[in-house]
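*Asks:* the following comprises the amino acid sequence and a computationally predicted model.
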Amino acid sequence: MIDSRLAPYGVLALRIALGVMFIAHAWLKLAVFTVAGFEGFLGKIGLPAILAWPIILAELLGGLAILLGVYGRLVAVALLPILLGALFVHAPNGWLFNVPNGGWEYPAFMALTALGYALIGDGAYALRPTTWPTLKSESDDVLSRA
């Protein structure tokens with residue numbers, strides 16, 4: 001059962017956490033690994049170094065959009081390929097993210113969190129909530145004829 005009175009605030013907490021984590025990971029790539037270091041990592045795993053800036057900007061701008069609730073659900077879906085790519089890259093390293101080159105549990109958690117947020121809704125205080133097209137069910141037709 002979902003508590004409709006408090007659910008929007010629960011989603012707000014989820015949105016804040018997800019947005020902050022994306023921003024933190026963009027900052028990590030900029031300030032700790034450096035862009036050159038991240039480019040080197042991408043090259044080491046067989047990906048083009050030119051992907052470094054698009055990934056960093058997607059995480060930074062996407063994290064801000066999610067945090068503020070500016071089409072956040074749509075942004076979360078758009079960021080899923082980056083999260084699934086990170087999951088694929090880290091999967092061979094094992095479970096924990098503190099193993100050399102990071103494990104897969106954190107990208108998996110982020111991907112599922114982004115998917116859950118996209119399915120639930122934007123929550124309270126979203127500046128520009130995302131609206132998905134509504135699917136009509138048979139029960140809707142029965143109720144509308146009653």
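*Replies:* Sure thing, it's come through.
*Asks:* now the helix or strand harbouring residue 83 - C-alpha only, CSV.
*Replies:* In the assignment (DSSP states H and E), residue 83 maps to helix 72-90. The C-alpha atoms that make up helix 72-90 are tabulated as CSV, following Å, rounded to 0.1, in the frame of the first residue of the first chain:
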residue,chain,number,x,y,z
GLY,A,72,13.8,14.4,-14.1
ARG,A,73,12.0,11.2,-15.0
LEU,A,74,12.9,11.6,-18.7
VAL,A,75,16.5,12.5,-17.8
ALA,A,76,16.7,9.4,-15.5
VAL,A,77,15.7,7.2,-18.5
ALA,A,78,18.1,9.0,-20.7
LEU,A,79,21.0,8.3,-18.3
LEU,A,80,20.2,4.6,-18.1
PRO,A,81,22.6,3.7,-21.0
ILE,A,82,25.5,5.4,-19.1
LEU,A,83,24.6,3.4,-15.9
LEU,A,84,24.2,0.2,-17.8
GLY,A,85,27.5,0.8,-19.6
ALA,A,86,29.2,1.4,-16.2
LEU,A,87,27.5,-1.8,-14.9
PHE,A,88,28.9,-3.7,-18.0
VAL,A,89,32.4,-2.3,-17.4
HIS,A,90,32.5,-3.1,-13.7
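*Asks:* now for the protein, the helix or strand with the poorest mean pLDDT.
*Replies:* helix 138-145 (a mean of 55; mean pLDDT, DSSP states H and E).
*Asks:* chain center to the one helix or strand residue 56 maps to: distance?
*Replies:* Under the criterion of DSSP H and E, residue 56 resides in helix 52-68. Average the C-alpha atoms of helix 52-68, do the same for its chain, and the two points are 9 Å apart (Cα atoms, centre = their mean, to the nearest Å).
*Asks:* show me what it is packed up against.
*Replies:* Helices and strands touching helix 52-68, by 3 or more Cβ pairs under 8 Å, 6 or more residues apart in numbering; DSSP states H and E, are helix 7-27, helix 35-44, helix 72-90. For every residue, glycine as well, the C-beta is placed using N, CA and C.
*Asks:* sec struct for the closest residue to residue 105 other than its chain neighbours, please.
*Replies:* Nearest non-adjacent residue to residue 105, counting by Cβ to Cβ, 6 or more residues apart in numbering: residue 95, 5.5 Å away. Three-state call for residue 95 (DSSP: H, G, I helix; E, B strand; the rest coil): coil.
*Asks:* thanks a lot, catch you later.
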